[in-house]
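1. Kindly generate the corresponding structure for this input.
(one chain, ligands or ions: 2)
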Amino acid sequence: MAFTEKQEALVKDSWGILKQNIPENSLRFFTIILEIAPAAKAMFSFLRDSDEIPQNNAKLKSHATKVFKMTCESALQLREKGEVTVSDTTLKYLGSVHVKKGVIDLHFEVAKEALLRTIKEAVGENWSEEMGCAWGEAYDQLAAAIKAEMKQEP
Ligand code: HEM
Ligand code: ISQ
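-> Ligands and ions are numbered 1, 2, ... in the order given. Predicted structure coming up:
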């Protein structure tokens, strides 16, 4: 099904709310990933030197923000041209980072669930099923591009 202007607006508007509190929302996103998949902890360098999730870690914030932003960008592309394209260099880089860290397909489901829950909590009463579906679709297409690249890795 085509991605509509309405869906794009739902993603954009909720990102507008989400980005007003990057520290809290990125931490929440990461925390939910680890709640669902505690074993994923070992993959992240920010946790290397601590037992607890660092409350104010620049790398955690910037990486989480990139995931949000790239998903928004995907929504825009889906509406504009019906598909998600990521620049070759970015895709190659992200493919290799995730392969190296040991990320598998199942983890992408975990991150999706965490992303959707983070948005749901952040937007509160503005949440709708439709909003969740729009984010979910944009995320799925982005994840598919990264997963495909990961399978190309030698
Ligand atoms: C690193 C994006 C899915 C685990 C990163 C980075 C970005 C990113 C931008 C930072 C790369 C850098 O600058 O060094 C994404 C996007 C995803 C995705 C857009 C899905 C659409 C996942 C999943 C997992 C995961 C599903 C596993 C649960 C990691 C790990 C790192 C990383 C372990 C390295 C962090 C570190 O220690 O520096 N990801 N990611 N990612 N990602 Fe993802
Ligand atoms: C990297 N990749 C996917 C999700 C993330 C969430 C928080 C911090 C880093 C991440």
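
2. Can you report how many residues neighbour whatever residue of the chain ends up closest to ligand 1?
-> Going by C-beta to the nearest ligand atom, ligand 1 is nearest to residue 45 of the chain, at 3.1 Å. The way it works is simple: take the backbone N, C-alpha and C, and place the C-beta from them, glycine included. Neighbour count for residue 45, taken as other C-beta atoms under 10 Å: 11.

3. again, but for the one 10 residues further on
-> The tally of other residues near residue 55 (other C-beta under 10 Å) stands at 9.

4. does it really touch residue 27, like I thought?
-> Yes. Contact criterion C-beta atoms under 8 Å: residue 55 and residue 27 qualify, at 6.7 Å.

5. Residue 88: neighbour count?
-> Residue 88 - counted by other C-beta under 10 Å - has 9 other residues nearby.

6. Tell me who's in contact with it.
-> Residue 88 makes no contacts at all, as judged by C-beta atoms under 8 Å, 6 or more residues apart in numbering.

7. and the gap between it and ligand 2?
-> When distance is defined by C-beta to the nearest ligand atom, to the nearest Å, residue 88 is 20 Å away from ligand 2.
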